[in-house]
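[1] Fold the following, please.
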Amino acid sequence: MPTMNLFSWCLVALLSSSSVEGLSLGKTTSYKHQSKTSPPSTRRSILQQATVFGIAAAAPFIPNINVANAADAQFVEVGQQERAPNGETPFSTLPNGVQVKNFREGAGGASAQNGARLELTMKGRLINLNGIIFYDTKSKDQNGFGEGTPLAFTFGDGSVLPGLESGIAGMTKGGIRRIIVPANVGYGGFPGLEPQPLTDVEKRALDSVIKNPRRDQTVMFDVKVERIKN
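    From the prediction side, this is the model:
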């Protein structure tokens with residue numbers, strides 16, 4: 001069974017950082033305007049200016065120059081539903097290997113337990129594929145108001161991934177939690193269970209991982225409990 005490689009763990013650490021909103025592609029260099037009294041250009045300064053100009057002119061022709069920007073943009077939304085209430089908190093590891101991290105405690109009352117009816121808004125990402133989204137409840141917008149379609153199920157009925165279900169156990173209405181599900185209690189062992197992709201693009205992304213046993217099939221969910229009834 002594939003395990004999370006070093007890159008995957010680094011990615012999880014990056015996604016879980018409180019500074020995810022401030023991801024930077026590098027240092028920004030500022031240039032001061034030269035005054036009219038600047039000394040005449042030397043041979044060395046002319047060569048430096050020519051080098052800078054050459055790089056700028058060649059930039060449009062360098063392949064994949066926007067790859068870093070594209071990858072960076074994918075993670076901007078991760079974890080922005082709500083920051084941890086008291087700063088960063090570590091992940092807790094459950095006996096089955098699932099890792100959970102609370103970003104907001106719920107309002108209390110009815111909790112996720114056997115027999116409870118739940119409605120969740122959530123987003124699932126493939127850690128092995130740089131956090132590509134394979135499930136988003138907002139992808140299926142039945143009323144056209146951008147609210148999406150929550151994942152509705154009865155806790156303990158066996159319809160959702162056992163790793164996801166154990167990760168949301170105990171949550172109450174309004175709670176937000178990040179859940180990392182390893183393959184053996186996720187799609188690696190239960191490929192037909194919910195949540196299933198809602199669009200063809202999302203399905204192709206998930207299939208590219210679960211149908212390739214050589215890939216790390218660990219997935220991550222950001223979950224918010226919208227409604228719950230015991």
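
[2] how about the closest residue to residue 222 other than its chain neighbours, what does it touch?
    The shortest distance from residue 222 to any residue other than its chain neighbours is 5.0 Å, reached at residue 123 (C-beta to C-beta, 6 or more residues apart in numbering). Backbone N, C-alpha and C define where each C-beta goes, glycine included. Shown in contact with residue 123 (C-beta atoms under 8 Å, 6 or more residues apart in numbering): 77, 133, 135, 136, 137, 221, 222.

[3] Does anything pack onto the helix or strand containing residue 227? Which helices or strands?
    Take DSSP states H and E as the rule and residue 227 turns out to sit in strand 219-229. For strand 219-229, the elements it packs on are strand 117-126, helix 162-168, strand 176-181, judged by 3 or more C-beta pairs under 8 Å, 6 or more residues apart in numbering; DSSP states H and E.

[4] For it, which strands pair with it and how are they oriented?
    The strands beside strand 219-229 in its sheet (DSSP bridges) come out as strand 117-126 (antiparallel), strand 176-181 (antiparallel).

[5] in the chain, what spans have low per-residue confidence?
    1-89, 142-146 (pLDDT under 70).

[6] Which parts of it are helices?
    All helices of the chain, identified by DSSP state H, fall at 6-15, 43-58, 67-74, 162-168, 200-210.

[7] same for the fourth one, what does it pack against?
    Using 3+ C-beta pairs under 8 Å, 6+ apart as the contact criterion, the secondary-structure elements in contact with helix 162-168 are strand 176-181, strand 219-229.

[8] 7 Å instead?
    In terms of contacts (3 or more C-beta pairs under 7 Å, 6 or more residues apart in numbering; DSSP states H and E), helix 162-168 is packed against strand 176-181.
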